[in-house]
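Engineer: Here is a sequence with its predicted model. Questions after.
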Amino acid sequence: MSFHVPPTLQSLAVQSLLKNEALAMSALQELPRVLFPPLFKEAFTGRHTKILKAMVASWPFPCLPVGALMKFPDMMILQAVLDGVDMQLTRNFHPRRQKLQVLDLRNVHHAFWDISAGPEDGDRSAETVCEKQIPTRLHRYALRQRLKVVTDLCLEFDLDEYQTYFLQWAQKRRGSLNLCCVKMQIKELSMYTVRKVLKIFQPDCIVELELNTGWTLPTLACFAPSLGQMKNLRKLLLTLVDEKLFSFLFMSTDKHEKRITKLISQFSKFNCLRHLNMVGVYFLKDHLNDLFRCLKTPLEFLSITLCKFSQSDLESFAQCQSLHHLKHLHLSGIILCDLSLVPLRILLEKVTDTLKTLELEHCRMTDSQLSALFPALSRCSQLIEVNFYDNDISMAVLRKLLHHTTNLRQLNVEYYPAPLECYEIGFVVRAGTFSQLSSELMDTLCTVRQPQSVSFASQTCLQCLQRCIYDMETRLCHCWQ
């Protein structure tokens with residue numbers, strides 16, 4: 001037997017207001033606060049733009065996390081919300097109980113919509129939840145500006161209609177509002193456009209920056225002062241995508257050195273940096289020590305990909321105090337075969353109690369180099385993931401590596417290279433040998449401990465660009481199928 005649950009009085013009141021927009025808008029000044037969140041959500045879902053505009057203008061809570069409701073860009077909704085903000089900015093509009101301090105346009109979950117707005121909820125009231133979820137840094141500007149608008153931006157070569165409208169609106173009102181972009185992604189835009197966008201927003205509100213660009217070193221040096229203004233940056237991803245910049249034949253000159261120094265010196269201005277990811281930053285060679293010396297805070301995540309290291313660069317890893325609390329160390333496409341890995345071993349000894357992921361993929365390490373890391377590696381008790389793909393390791397040393405993971409009980413994702421014995425001349429895989437030796441290595445690992453997700457893989461086939469992979473069963477590249 002099923003029972004029909006009658007609608008609540010609150011639900012009936014909301015539906016009644018939505019049916020009469022004129023009544024709803026005229027009643028907002030007298031509407032109980034408890035009805036604002038459910039009425040706003042229903043108006044949002046039903047795209048009642050006139051009601052939304054009026055509700056934004058008279059919102060009775062410190063924040064309005066409208067982005068949590070906006071799963072997909074909607075021009076009509078955005079225009080209605082921003083029109084409501086404009087109503088607050090007009091001189092002749094002074095709602096009796098308007099309290100809005102922060103308009104949050106980020107598409108992230110917000111606890112405000114999960115709880116009731118009534119005063120009977122005490123510490124779980126909507127007002128309290130809003131205040132607790134507004135970052136402390138935002139309050140410092142509240143005395144200077146009436147309203148803060150918070151957003152995330154992903155800016156690519158062709159801005160869509162939604163982004164264009166918002167940026168044009170924001171640019172015209174940057175003197176009247178505090179405009180904050182917390183996470184900013186920039187892909188293939190000119191420096192002129194990027195600078196123009198950055199002038200709209202408070203630079204110290206940017207917490208995460210992803211800069212994916214083909215800019216040359218002179219252009220990056222010109223951009224450096226803008227980067228240095230992002231004093232509260234916690235996460236930086238810098239990717240240089242221009243194929244010419246991946247050349248390891250970069251010839252340094254005095255002018256280049258000054259530009260590199262200008263860019264690297266900006267790192268001394270970051271007060272909160274925890275996550276640093278650099279891809280294809282070709283001019284890093286012989287400058288890592290300078291960069292690490294500029295770091296003011298301990299890093300938790302460091303990833304360097306497709307770069308060339310000198311021995312002095314590698315030595316800086318052991319010397320840098322800011323790396324001694326790393327949780328994630330990823331070095332990919334860094335050719336290490338001609339370098340001494342003693343500094344890397346020293347670093348691993350420093351992070352035995354914190355390191356969770358270690359990726360040394362496509363580093364072309366040899367048997368002796370990897371063996372030098374075994375004592376430190378075996379003590380990294382917090383490791384949950386390792387990746388040693390594309391290193392030139394023999395069957396015997398791979399067996400030793402697996403035995404040195406005996407005490408790494410938290411490992412649940414493991415990637416190992418196929419042993420050298422699997423290849424013919426020119427690194428052509430011998431399918432039968434690959435399957436047999438990988439199976440033997442898996443048996444070895446199972447005698448050491450109980451693995452979860454483990455795979456052994458060949459180098460990428462130059463013909464089909466696939467790997468041969470063994471993870472309890474053999475999956476050969478397309479050339480063998």
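Structural biologist: Here it is on my side, so go on. What you are looking at is a predicted structure, and each value in this text was computed from that prediction instead of being measured.

Engineer: if I look at residue 207, how far off is residue 476?
Structural biologist: Relative to residue 476, residue 207 is positioned 45 Å away (C-beta to C-beta, to the nearest Å). Every C-beta, even on glycine, is put in place using the N, C-alpha and C of the backbone.

Engineer: what do you get for residue 153?
Structural biologist: According to C-beta to C-beta, residue 153 stands 44 Å off from residue 476.

Engineer: Beyond the longest helix seen in the chain, next helix or strand please.
Structural biologist: Scanning the chain for the longest helix, with DSSP state H as the assignment, gives helix 431-448. Downstream of helix 431-448, the next assigned helix or strand under DSSP states H and E is strand 453-457.

Engineer: The longest helix of the chain packs against which elements?
Structural biologist: If contacts are counted by 3 or more C-beta pairs under 8 Å, 6 or more residues apart in numbering; DSSP states H and E, helix 431-448 sits against helix 395-403, strand 453-457, strand 469-470, strand 474-475.

Engineer: Paired strands for the last one, with orientation please.
Structural biologist: Here strand 474-475 has these sheet partners by DSSP bridges: strand 469-470 (antiparallel).

Engineer: Residue 109 and residue 71 touch, don't they?
Structural biologist: No - under the criterion of C-beta atoms under 8 Å, residue 109 makes no contact with residue 71, lying 11.0 Å away.

Engineer: could you point out which element follows the lowest-mean-pLDDT helix or strand in the chain?
Structural biologist: Counting by mean pLDDT, DSSP states H and E, the chain has its least confident helix or strand at helix 136-139, which shows a mean of 47. Using DSSP H and E, the helix or strand that directly follows helix 136-139 along the chain is strand 148-155.

Engineer: the strands in the stretch 251-400 of the chain, which residues?
Structural biologist: Applying DSSP state E, counting those that start in this stretch to the stretch 251-400 of the chain gives strands spanning 275-279, 301-305, 328-332, 357-361, 385-387.

Engineer: Minimum distance to residue 239: which of the ones you listed has it?
Structural biologist: Residue 239 lies closest to strand 275-279 among the strands of the stretch 251-400 of the chain, at 4.2 Å (C-beta to C-beta).

Engineer: Strand 148-155 and the biggest strand by length in the chain, what's the angle between them?
Structural biologist: Using DSSP state E to define each element, the chain has its longest strand at strand 178-187. Angle, strand 178-187 to strand 148-155, by axes from the mean of the first three to the mean of the last three C-alpha atoms, to 10 degrees: 10 degrees.

Engineer: re earlier: any idea which of the strands of the stretch 251-400 of the chain gets closest to residue 428?
Structural biologist: Proximity to residue 428 (C-beta to C-beta) singles out strand 357-361 among these, at 20.9 Å.

Engineer: and the closest one, what other elements does it pack with?
Structural biologist: Strand 357-361 packs on strand 328-332, strand 385-387, going by 3+ C-beta pairs under 8 Å, 6+ apart.

Engineer: Make a markdown table from those and add mean neighbour count, mean pLDDT and distance to residue 350 to it.
Structural biologist: Below are these laid out as a markdown table (neighbours: other C-beta atoms under 10 Å; pLDDT from 0 to 100; distance: least, C-beta to C-beta, whole Å):
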| stretch | mean neighbour count | mean pLDDT | distance to residue 350 |
| --- | --- | --- | --- |
| strand 328-332 | 20 | 97 | 11 |
| strand 385-387 | 19 | 98 | 18 |
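
Engineer: May I see these arranged in CSV, with distance to residue 183 as well?
Structural biologist: Shown next, in CSV, are these (distance: least, C-beta to C-beta, whole Å):
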stretch, distance to residue 183
strand 328-332, 19
strand 385-387, 24
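
Engineer: give me every residue that touches residue 265.
Structural biologist: Counting by C-beta atoms under 8 Å, 6 or more residues apart in numbering, residue 265 touches 224, 228, 294.

Engineer: could you flag which of those residues are buried?
Structural biologist: 224, 228 (16 or more other C-beta atoms under 10 Å).

Engineer: that older thread, now the strands of the stretch 251-400 of the chain as JSON lines including distance to residue 166?
Structural biologist: What follows is those, written out as JSON lines (distance: least, C-beta to C-beta, whole Å):
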{"stretch": "strand 275-279", "distance to residue 166": "27"}
{"stretch": "strand 301-305", "distance to residue 166": "30"}
{"stretch": "strand 328-332", "distance to residue 166": "34"}
{"stretch": "strand 357-361", "distance to residue 166": "36"}
{"stretch": "strand 385-387", "distance to residue 166": "38"}
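
Engineer: Go through these and name the closest to residue 181.
Structural biologist: Closest approach to residue 181 among the strands of the stretch 251-400 of the chain is made by strand 275-279 (17.3 Å; C-beta to C-beta).

Engineer: The closest one pairs with which strands, and in what direction?
Structural biologist: In its sheet, and by DSSP bridges, strand 275-279 pairs with strand 235-240 (parallel), strand 301-305 (parallel).

Engineer: in the protein, which ranges drop under the pLDDT threshold?
Structural biologist: Residues of the chain meeting the criterion pLDDT under 70: 1-7, 9-10, 12-20, 91-98, 115-146, 242-252, 481.

Engineer: Identify whichever of the strands of the stretch 251-400 of the chain lies nearest to residue 105.
Structural biologist: Residue 105 sits nearest to strand 275-279 of all these, at 23.4 Å, using C-beta to C-beta.

Engineer: Residue 465 sits in which helix or strand?
Structural biologist: Assigned by DSSP H and E, residue 465 belongs to no helix or strand.

Engineer: for residue 426, same thing?
Structural biologist: Per DSSP H and E, residue 426 falls between elements, in no helix or strand.

Engineer: and the gap between it and residue 461?
Structural biologist: For residue 426, the distance to residue 461 - C-beta to C-beta - is 11 Å.

Engineer: Name the residue in these two with the higher neighbour count.
Structural biologist: Each of residue 426 and residue 461 has its neighbours counted (other C-beta atoms under 10 Å); residue 461 has more, 18 against 6.

Engineer: Note down every partner strand of the helix or strand containing residue 416 and its orientation.
Structural biologist: Here residue 416 is covered by strand 413-417, with elements defined by DSSP H and E. Looking at strand 413-417 with DSSP bridges, its partner strands are strand 385-387 (parallel), strand 453-457 (parallel).

Engineer: With distance to residue 239 added, can I get those in CSV?
Structural biologist: Compiled in CSV, those are given as follows (distance: least, C-beta to C-beta, whole Å):
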stretch, distance to residue 239
strand 385-387, 20
strand 453-457, 25
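
Engineer: Which one of those lies nearest to residue 22?
Structural biologist: Nearest to residue 22, of all those, is strand 385-387, at 59.2 Å by C-beta to C-beta.

Engineer: ok, and what's touching that closest one?
Structural biologist: By C-beta under 8 Å, 6+ apart, strand 385-387 touches 356-361, 405, 411-415.
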